[in-house]
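**Student:** Here is my input; please provide its structure:
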Amino acid sequence: MNTKILIMAGLAVTFGATSYFAGNKWLDSQAQARLSEIESERNMQSVEMSTVVVATDQLRFGEKLTEEKLKEVPWPKEAVPEGGFTKISEVMKDGERKAIKTIEAGEPLLAVKLTGENGRAGLAGIIADGMRAVTIPVDMVNGVGGFVMPGDRVDIVLTKKDREDGEQVAKIIMENVKVLSIDQDADTRGDAPKVAKSVTLETDSGGAQKLALANSVGRISLLLRGAGDEDKVASGDMSSGDFDGTSKPKEAGAQDDGFLSFLKTEKKFATVTVVKREESTAHSVPIEKGETATADSANKVQ
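**Tutor:** Residues are numbered from 1 along each chain as shown. Below is the predicted model of the structure:
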């Protein structure tokens, strides 16, 4: 009997001690959590707060803004982004506005990503300062199979027929050009390949002239660049003769002076002497392909 009492007493003491230490540990954790909460509240009180308007869901290019798609969230006043809005009423006061760049859920709205007063979501709102938008025709082949998306970077290749020897010649005429839109779609978050009929590119005025000229004299193709690839391409002209060994080597000392030299064909000239009575004058005239100039045939007497 005494043994049973001792066992029961030992168990009671053990459970009591365990409960005591467990209770103390729980109380300590609760107290620490409360202290952390109080400290956080103190820090919040020391930081002046404001609000920022954010998107509740993803807003894609051209999507109209409504109050249901926006909300105001607490934000440190000193950290409010430049061009941001503190009230939904500030966003909507100028009438209908649309997104001209994709805005993610929870992202603060910025004026540079929205149209102006009663604005429409067009390319004019996303073209960089000093740049121009130019559209070129493409198809399944020269448009990289539809895998070019707005926001991608491409190189431009011009293929044309050489007027002297009839060979097809290809040259990279522009590099690292930004794609603004595919057909009429400028949404940078498109996720499916799309075979387009046209591509709109962002370039300066000189590049726009170059593309317009290239489109009129030959065939333009796109080379899709990898993300973040900004390296300059070290590639010269290539002709159809390079594949069968019939291409003509460049003359020693010949230099490539760029796009315009690629388009033009150098003409050869001969000197023709024109005799009028007792006076003679010399004139330079172009020699057509296949013709040769001789001393006898070059003289003309009137």
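
**Student:** that's a strand at V154, yeah?
**Tutor:** Yes. Read with DSSP: H, G, I helix; E, B strand; the rest coil, V154 is one of the residues of a strand.

**Student:** partners of it in the sheet?
**Tutor:** Using DSSP bridges, the beta-bridge partners of V154 come out as V177, L224.

**Student:** Now for it, how many residues are close by?
**Tutor:** When neighbours are defined as other CB atoms under 10 Å, V154 has 21 of them. The C-beta positions use only the backbone N, C-alpha and C, and glycine is treated the same way.

**Student:** ok, it to I100 distance?
**Tutor:** 22 Å (CB to CB, to the nearest Å).

**Student:** the bottom helix or strand of the chain by mean pLDDT?
**Tutor:** Lowest on mean pLDDT, DSSP states H and E among the helices and strands of the chain sits strand 299-301, with a mean of 43.

**Student:** could you pull out the strands for the protein?
**Tutor:** Per DSSP state E, the chain carries strands over the ranges 49-55, 70-76, 132-137, 153-161, 168-182, 198-203, 219-224, 238-239, 268-276, 279-287, 299-301.

**Student:** Can you lay out these as TSV showing distance to I38?
**Tutor:** Putting the strands of the chain into TSV (distance: least, CB to CB, whole Å) gives the following:
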stretch	distance to I38
strand 49-55	18
strand 70-76	19
strand 132-137	57
strand 153-161	53
strand 168-182	52
strand 198-203	54
strand 219-224	57
strand 238-239	73
strand 268-276	92
strand 279-287	93
strand 299-301	108
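
**Student:** Quick one: closest of those strands to A111.
**Tutor:** Nearest to A111, of all these, is strand 49-55, at 11.1 Å by CB to CB.

**Student:** buried ones in that closest one?
**Tutor:** For strand 49-55, the neighbour count (16 or more other CB atoms under 10 Å) marks T51, V52, V53, V54, A55 as buried.

**Student:** helices and strands around it, which ones?
**Tutor:** Strand 49-55 makes packing contacts with strand 70-76, helix 88-92 when contacts are defined by 3 or more CB pairs under 8 Å, 6 or more residues apart in numbering; DSSP states H and E.

**Student:** Quick check: which of the strands of the chain is nearest to V13?
**Tutor:** Among the strands of the chain, strand 70-76 sits nearest to V13 (CB to CB), with 52.3 Å.

**Student:** The closest one pairs with which strands?
**Tutor:** Here strand 70-76 is paired, per DSSP bridges, with strand 49-55 (antiparallel).

**Student:** Put the alpha carbons of the strand it pairs with into CSV.
**Tutor:** Taking Å, rounded to 0.1, in the frame of the first residue of the first chain, the C-alpha atoms of strand 49-55 are listed here in CSV:
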residue,chain,number,x,y,z
MET,A,49,2.5,56.9,-43.0
SER,A,50,0.6,57.7,-46.2
THR,A,51,-1.3,55.6,-48.7
VAL,A,52,-0.6,54.4,-52.2
VAL,A,53,-3.0,53.2,-54.9
VAL,A,54,-2.1,49.7,-56.1
ALA,A,55,-3.8,47.2,-58.6
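
**Student:** contacts for that strand?
**Tutor:** Applying CB atoms under 8 Å, 6 or more residues apart in numbering, the external contacts of strand 49-55 come out as 69-77, 80-81, 84-88, 90-91, 103-109.
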